[in-house]
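Engineer: structure, please.
(one chain, ligands or ions: 2)
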Amino acid sequence: MVIIMSPEATQQNISEVVEVIKGVGLDAKIMEGAQQKIIGVIGDKTKMASIPVDAMQGVDHSVSISKSYKLASREFHPQSSIINVSGIEIGGDEPIIMAGPCAVESREQLMEAAEIIKAGGAQFLRGGAYKPRTSPYSFQGLEEEGLKYLAEAREKTGLKIVTEVTTVEAIEKVAAYADMLQIGARNMQNFGLLKEVGKCGKPVLLKRGLAATLDEWLNAAEYIMNEGNPNVVFCERGIRTYETYTRNTLDMSAVAAIKHLSHLPIIVDPSHGTGKWRMVKPMALAAIAAGADGLMMEVHPNPAKALSDGSQSLTPEHYRDVMSGIQKLSKFLKDEKLLSFVED
Ligand code: PEP
Ligand code: MN
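Structural biologist: Ligands and ions are numbered 1, 2, ... in the order given. Coordinates of the predicted model:
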């Protein structure tokens, strides 16, 4: 942290700031600027968190230099992390695909979807049993009944299960059935929920908030990791911008940015990212080319009958086509070593 003193600051003001810094066990270095004096704070800046230094006499403003997140940052952990979810490695050589319906609607729908997903080559079955719907009148999910169908689908197909948890009360139940807990966009800054999934120890898929900056997203991961759970995977799912053609604006640059800022894997959800099934294939391929560690895609046996997000769900036929494209592109990128520019 550096503290920029105003041009009118007196020697007395500077001494008072230095005293406060030293008082919390940190070191202060005074630098002479052309107009103003600057005080560098050396040491763990979290010790300054409770001091309203910007309010002190003679202080113009302060600037934080080191990042507020540590455990999630690549500075702290230079080597890319591979997150092992029930034997599946996310962040390794192969892109990991999570696919399935938006919501678990019935036993028949989920079993049919699971067979399709498995045959297409994905490793994870997705499907919400607890749905965070915009309207309280929309289908809210089958809750525990849905979790049971997911577990049954895992038994049948061997697919791993990723499903959303929306409340602290539901964590234990969801964790008992799922391989990976999903934190949805609407809950990315639900800090109480983040702390509790951190304590529960299951791997977490952390979706980007509806309007979250990368810094806020990284700090959300820090909340989970700070509770002792290092198994966090980011999922870029689009952010809200002024564009209305697409449901969200899929921020593909987040893949490269997160790869630089964090050691944690990142996958991309082109379904919620665009809201349109036609755009899923091009965006899925773009994500893999950008260095994403995998994808999450909505697939429904019959999207026209889906209880939620039918318009962004792939039919079984389109799903197979997207998967074949992903496999060809991944092989090409690997053979040509085209992703070797990514951090390590
Ligand atoms: C989902 O993946 O089911 C979902 C609701 O997505 P998001 O939280 O990204 O809107
Ligand atoms: Mn959905």
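Engineer: just give me the neighbour total for Asp44.
Structural biologist: Other residues within reach of Asp44 by the criterion other Cβ atoms under 10 Å amount to 13. Placement of C-beta: from N, CA and C, glycine included.
Engineer: just the strands from the chain, written as ranges.
Structural biologist: Secondary structure of the chain by DSSP state E: the strands cover 2-5, 27-32, 37-42, 59-63, 83-85, 88-90, 96-100, 124-126, 160-164, 180-183, 204-207, 232-236, 266-268, 294-298.
Engineer: ligand 2 is nearest to which of these?
Structural biologist: Between ligand 2 and the strands of the chain, the shortest separation by Cβ to the ion is 5.6 Å, and it involves strand 294-298.
Engineer: contacts for that closest one, please.
Structural biologist: Outside of strand 294-298, the residues within contact range by Cβ atoms under 8 Å, 6 or more residues apart in numbering are 90, 95-102, 126, 162, 205, 235, 237, 265, 267-272, 280, 284, 287-288, 309, 312-314, 319, 322, 326.
Engineer: what about the residue of the stretch 101-250 of the chain found nearest ligand 1, distance to Asp269?
Structural biologist: Scanning the stretch 101-250 of the chain for proximity to ligand 1 using Cβ to the nearest ligand atom identifies Gly184 as nearest, at 3.0 Å. Using Cβ to Cβ, to the nearest Å, one obtains 11 Å as the distance from Gly184 to Asp269.
Engineer: who touches both of the two?
Structural biologist: What both Gly184 and Asp269 touch, as defined by Cβ under 8 Å, 6+ apart, is the set Lys207.
Engineer: how close does the residue nearest the centre of the chain get to Lys207?
Structural biologist: Residue closest to the mean C-alpha point of the chain, counted by Cα atoms, centre = their mean, is Phe234 at 2.7 Å. Phe234 sits 8 Å away from Lys207, going by Cβ to Cβ.
Engineer: do Tyr223 as well
Structural biologist: Looking at Tyr223 against Lys207, where the rule is Cβ to Cβ, the gap reads 14 Å.
Engineer: picking up where we left off before, near ligand 2, which of the contacts of strand 294-298 show up?
Structural biologist: Among the contacts of strand 294-298, the residues within reach of ligand 2 (Cβ under 5 Å from the ion) are 102, 309.
Engineer: cool, thanks, talk later.
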